[in-house]
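**Q** I'll drop the sequence and a predicted model, then ask my questions.
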Amino acid sequence: MTPLAALLVRDMRIALRVGGGALMGVLFFLVVVTLIPFAVGPDLALLKRIGPAILWLAALLASLLALDRLFAGDHDDGSLDLILMGRAPLELVVAIKGLAHWLTTGLPLVICAPLIGLLLNLDLPADAALMLTLFVGTPALTFIGLIGAAIAVTLRRGGLLLAVIVLPLTVPILIFGVAAANAAVTGPIPFGTPFTILCALTLASLVVGPFAAAAALRQEME
Amino acid sequence: MRLTGVELTCQRGERDVFAGVSFAVASGEALTIGGRNGAGKSSLLRMIVGLLHIAAGRLTLEGGDPELSIAEQAHYLGHKDALKGSLSVAENLRFWAGFFGVRLADFREPLETVGLGALARLPAAYLSAGQRRRLSIARLIAVPRPIWLLDEPTSTLDAAAQDRLAELMRAHLAGGGLILAASHGPIGLSGAQQLRLDQTAPSPLVGGSWGGESGGDARASTPARDLTPPATIPSSSGAADE
Amino acid sequence: MALLDLANPSRFLRFANSIIPWLAGVTVLVFAFGIEQAMVAPDDYQQGATVKIMYLHVPSAWLGMLCWGLMSVAALGTLVWRHPLADVTAKAAAPIGAAFTLLCLVTGSLWGRPEWGTYWVWDARLTSELVLFLLYLTVIALWRTVEDPSRAARAVAVLTLVGAVDLPIIKFSVDWWNTLHQGASVFRVGGSTIYPTMLVPLFIMAGAFTLLFATLVLAAMRNEILRRRVRTLQLMQAAAAS
């Protein structure tokens, strides 16, 4: 098995075996969505209008969940030292860890989102568009989150700092994700316009995230 | 192959942990690093691996693969075991072998060598501290790399395991590898060079070459070494070398 | 055989092994009878044949709540009476109750869609049932988060007892609030409002569901006991091999 494949398999195994596995992210997602009608009232028309926004916010918060242990776990048990001694470039290592995080946290959210969209009275085209935007946007959330996770790796109570760093950086993704999901249902902007920008943001994050996170890790380790 | 450090200085915060440390280790040779707690034994090892910034001095490796850094040709056995409790013993070993690019045909062999063969399927969380250490040592056997940097390798091991480790170290040296080990006490390698980090002045190198007499010989192994005794009084942990 | 006699896991395993096949057989028979009766039962004058979802929806709702009741008793068993099998029961029952609750939510959603025009409304009964489903998932997640089952048991027991407050909310939600969901028609003061030709198949299906629940819980408890035995053996193996 190649070094990066071994790392991917290991990280996914750990994510699925420890701390409730993929269930936690989905459960958190569901809980946040359930809270909204208690706050804004059960008016179905209102919920249908703000549904995509609620689901995007919930997905964003749920994605943040496993991020603070992403590097801290390896740092605490000395694995990070050894990973730095491997022959794989640190940027690729970080990208693989991001991929493992998305597969075990982000992807389950994408799969459950349409069903949870039904709770918010979204109809089929809106639901499908939302699922597509989440599928494209959640990797960006993970890969931007890598930067915060790397910066916060040596901190004890890094969770809040991580959220504070990461959340503002994810604002463009949130804007275009919700815009695309809404554009699919209501006019006048065609779905493609915000969606292609969302794709571009994700592709950019797939590059910027690992490089920035690797640089931050190298700084922390010295 | 020859690993040389010249006038290495390590800084933590504003102060020097150690300064002006020099050593040279060639293939088939071992170096034990001694000193009281806080003298910087672990820091020196981490510096060689590249996990700690070199404030001053030079580190060179002759004879290895010129494309690879020192760390990429070394094993580091630190205080922490780098094991994941939720994975089994075999899964942990297979991961490190795979990550370091070794196609492990039979993962049982390294495990048997360290005496963990029967526990291959167990979750690593169930292992005692000594067993975890032995699993880390299995990693050193499974992935061949010439330089071994060991930090307190015998710390959680019982007598039988320490003997086994000494055998493995001797085999490694016989195969042309080199070992740098930080330790408070003897680790079972007679005739190793010794380096003490106690003194604040450049440490004199004491001891004979590998394969020769046991310690006490003040002959330098290379003429460039500074043998003047330190101007300051040595630390209270005593001048008795292992 | 008194409940206390079953407290011994080995004796429970023997009991479970002997009774589960019979229970499974009876479950299948009662299901067959119940489904047949449900098929020949009359259609509703308004909804037509879709009313037959009731024969799945209502029993699964009852069983979802019954299961949480069982878990609450088991929680008391863990916290108050220290019954050895209490936490095994709680852990085994949780996924089964979650499945019944999910079945209730999905069948109810499909049943309500033609009438309400939407798959879901946030009225009191549906929301409290959804909260019950979330509570089940939370309990399942909590069991998985703590590695040692006996330590997780106390935390889960407290959570279960707190969550039990949802059960009366579900039951009385249609009385306390203005809901889209129909009012109580079976268990109410003054007797049921459902005609016997529909009520009898409903109770038969409820019986079938209850037998299914009992079979599944016993089988799950057996699995959990065996799982803990494997874990204990692994721990012993790790400790013995030094």
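**A** Cool, the structure landed. Source: prediction; values computed, not measured.
**Q** where does chain B dip in pLDDT?
**A** Applying pLDDT under 70 to chain B flags residues B:199-242.
**Q** Which residue does it have closest to chain C?
**A** residue B:126 (4.2 Å; Cβ to the nearest Cβ). C-beta: built from backbone N, CA, C; applies to glycine.
**Q** ok, residue C:40 - how many residues close by?
**A** By the criterion of other Cβ atoms under 10 Å in any protein chain shown, residue C:40 has 8 neighbours.
**Q** so how far is residue B:56 from it?
**A** To residue B:56, residue C:40 is 93 Å away according to Cβ to Cβ, to the nearest Å.
**Q** What residues sit buried inside stretch B:167-179?
**A** Residues of stretch B:167-179 classed as buried: B:168, B:169, B:172, B:173, B:177, B:178, B:179 (neighbour count, 16 or more other Cβ atoms under 10 Å in any protein chain shown).
**Q** should've said stretch B:48-68
**A** B:48, B:49, B:50, B:51, B:52, B:54, B:57, B:61, B:64.
**Q** who's in contact with stretch C:135-151?
**A** Stretch C:135-151 is contacted from outside by A:19-21, A:23-24, A:27, A:30, B:125, C:68, C:71, C:87, C:91, C:94-95, C:97-98, C:101, C:152, C:155-156, C:159-160, C:163, C:166, C:224, C:228, using Cβ atoms under 8 Å, 6 or more residues apart in numbering or on different chains.
**Q** Just the CA trace of that stretch, in CSV.
**A** Taking C-alpha atoms only, stretch C:135-151 is exported to CSV below (Å, rounded to 0.1, in the frame of the first residue of the first chain):
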residue,chain,number,x,y,z
LEU,C,135,-32.7,10.9,22.2
TYR,C,136,-32.2,7.3,20.9
LEU,C,137,-29.4,8.4,18.6
THR,C,138,-27.8,10.3,21.4
VAL,C,139,-27.9,7.3,23.7
ILE,C,140,-26.4,5.1,21.0
ALA,C,141,-23.6,7.6,20.3
LEU,C,142,-22.9,7.8,24.1
TRP,C,143,-22.6,4.0,24.3
ARG,C,144,-20.0,4.1,21.5
THR,C,145,-18.0,7.0,22.8
VAL,C,146,-16.9,5.5,26.0
GLU,C,147,-14.9,2.4,25.4
ASP,C,148,-15.6,0.6,28.6
PRO,C,149,-19.3,-0.4,28.7
SER,C,150,-19.7,-0.5,32.4
ARG,C,151,-18.5,3.1,32.7
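**Q** just how off-centre is that stretch within its chain?
**A** The chain centre lies 17 Å from the centre of stretch C:135-151; the measure is Cα atoms, centre = their mean, to the nearest Å.
**Q** Which of the residues in that stretch are classified as buried?
**A** Across stretch C:135-151, burial judged by 16+ other Cβ under 10 Å covers C:135, C:136, C:137, C:138, C:139, C:140, C:141, C:142, C:143, C:144, C:149.
**Q** Stretch B:183-193 too?
**A** Buried residues in stretch B:183-193, counting neighbours by 16+ other Cβ under 10 Å, are found at B:183, B:187, B:188, B:189, B:192, B:193.
**Q** The nearest residue to the third one once chain neighbours are set aside: neighbouring residues, count only.
**A** In this case it means residue B:188. Nearest residue to residue B:188, sequence neighbours excluded (Cβ to Cβ, 6 or more residues apart in numbering or on different chains): residue B:166, at 3.1 Å. The number of residues packed near residue B:166 is 17, by other Cβ under 10 Å.
**Q** In PyMOL, select just the buried ones from the contacts of stretch C:135-151.
**A** In PyMOL syntax, the buried subset of the contacts of stretch C:135-151 is picked out as below (16+ other Cβ under 10 Å):
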select buried, (chain A and resi 19+20+21+23+24+27+30) or (chain C and resi 68+71+87+91+94+95+97+98+101+152+156+159+160+163+166+224+228)
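**Q** May I have the secondary structure class of residue B:150?
**A** Of the three states, residue B:150 takes strand under DSSP: H, G, I helix; E, B strand; the rest coil.
**Q** unless I'm mixing things up, it is touching residue B:172, no?
**A** No. Taking contacts as Cβ atoms under 8 Å, residue B:150 lies outside contact range of residue B:172: 10.4 Å.
**Q** what residues are shared contacts of the two?
**A** Common neighbours of residue B:150 and residue B:172 (criterion: Cβ under 8 Å, 6+ apart): residue B:179.
**Q** worst-scoring helix or strand of chain C, pLDDT-wise?
**A** Within chain C, no helix or strand scores below helix C:166-176, which has a mean of 86 by mean pLDDT, DSSP states H and E.
**Q** coming back round to it: can you convert the buried residues of stretch B:167-179 into CSV and add a column each for secondary structure and distance to residue A:211?
**A** Formatted as CSV, these follow (DSSP: H, G, I helix; E, B strand; the rest coil; distance: Cβ to Cβ, whole Å):
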residue, secondary structure, distance to residue A:211
B:168, helix, 39
B:169, helix, 40
B:172, helix, 37
B:173, helix, 40
B:177, coil, 35
B:178, strand, 35
B:179, strand, 36
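**Q** after the helix or strand containing residue B:24, next one along is what?
**A** In this structure, residue B:24 is located in strand B:15-26 according to DSSP states H and E. Using DSSP H and E, the helix or strand that follows strand B:15-26 in sequence is strand B:30-34.
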